[in-house]
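Chemist: build me a model from this:
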Amino acid sequence: MTRLTVNGRAVDVDADPATPLLWALRDHLGLTGTKFGCGIAACGACTVLVNGQPVRSCVTPLSSVSGPVMTVEAAAADRVGKAVQDAWVKLDVVQCGYCQSGQVMAATALLKTKKNPTDADIDNALSGNLCRCGTYVRIRAAVKDAARSLA
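Modeler: Numbering: from 1, shown residues only. Next up is the predicted model:
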């Protein structure tokens, strides 16, 4: 049994400590907003925040999680996460949408540390999050819009 704090709630996960956080979230806790993309931490679809830092949950074993976990399901309850989601909707970022939960979480982490990110900051922070539909221009615009709304 592993005790985690997920989206502000203490939860017990009855899984092997080597189980990737992604599968604990999806299969044990029913939080399916976090997506499986590649299983090797290369695409970013599985990005969640642990201690406010973006991590690839597909390769993060439960045993290594030491701090609160925030998934896309809780983003709207977070001031920065809500601003990011609102900007995503306002600027119609999503095309297929599969990568977007990871993109939103990476953008949320960025805006928690950089209030007015440059293009280079945005590109660097989201460089590990692939969008197979190529909505990168809209993603960057949405991050900037969210930053403005938070100022």
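Chemist: now do the strands in the chain.
Modeler: 2-6, 9-13, 47-50, 53-56, 69-70 (DSSP state E).
Chemist: ok, which of these comes nearest residue 104?
Modeler: strand 47-50 (8.6 Å; Cβ to Cβ). Quick note: C-beta positions are derived from backbone N, CA and C, even for glycine.
Chemist: contacts for the closest one, please.
Modeler: The contact list for strand 47-50 (Cβ atoms under 8 Å, 6 or more residues apart in numbering) reads 21, 25, 34, 54-57, 60, 65-72, 101-103, 105-106, 108-109, 129.
Chemist: buried only: go through those residues for me.
Modeler: 21, 25, 34, 54-57, 60, 65, 68-72, 101-103, 105-106, 108-109, 129 (16 or more other Cβ atoms under 10 Å).
Chemist: just the ones of these in helices?
Modeler: 21, 101, 102, 103, 105, 106, 108, 109 (DSSP state H).
Chemist: was I right to think residue 129 contacts residue 102?
Modeler: Yes. Applying Cβ atoms under 8 Å, one finds residue 129 in contact with residue 102, separated by 5.2 Å.
Chemist: shared neighbours, those two?
Modeler: 43, 44, 45, 47.
Chemist: pick the most deeply packed of the strands of the chain.
Modeler: strand 47-50 (a mean of 26; mean count of other Cβ atoms under 10 Å).
Chemist: what pairs with that one, parallel or antiparallel?
Modeler: Sheet partners assigned to strand 47-50 using DSSP bridges are listed as strand 53-56 (antiparallel), strand 69-70 (antiparallel).
Chemist: which one of the ones you listed lies nearest to residue 140?
Modeler: The closest of these to residue 140 is strand 53-56. By Cβ to Cβ, the value is 16.6 Å.
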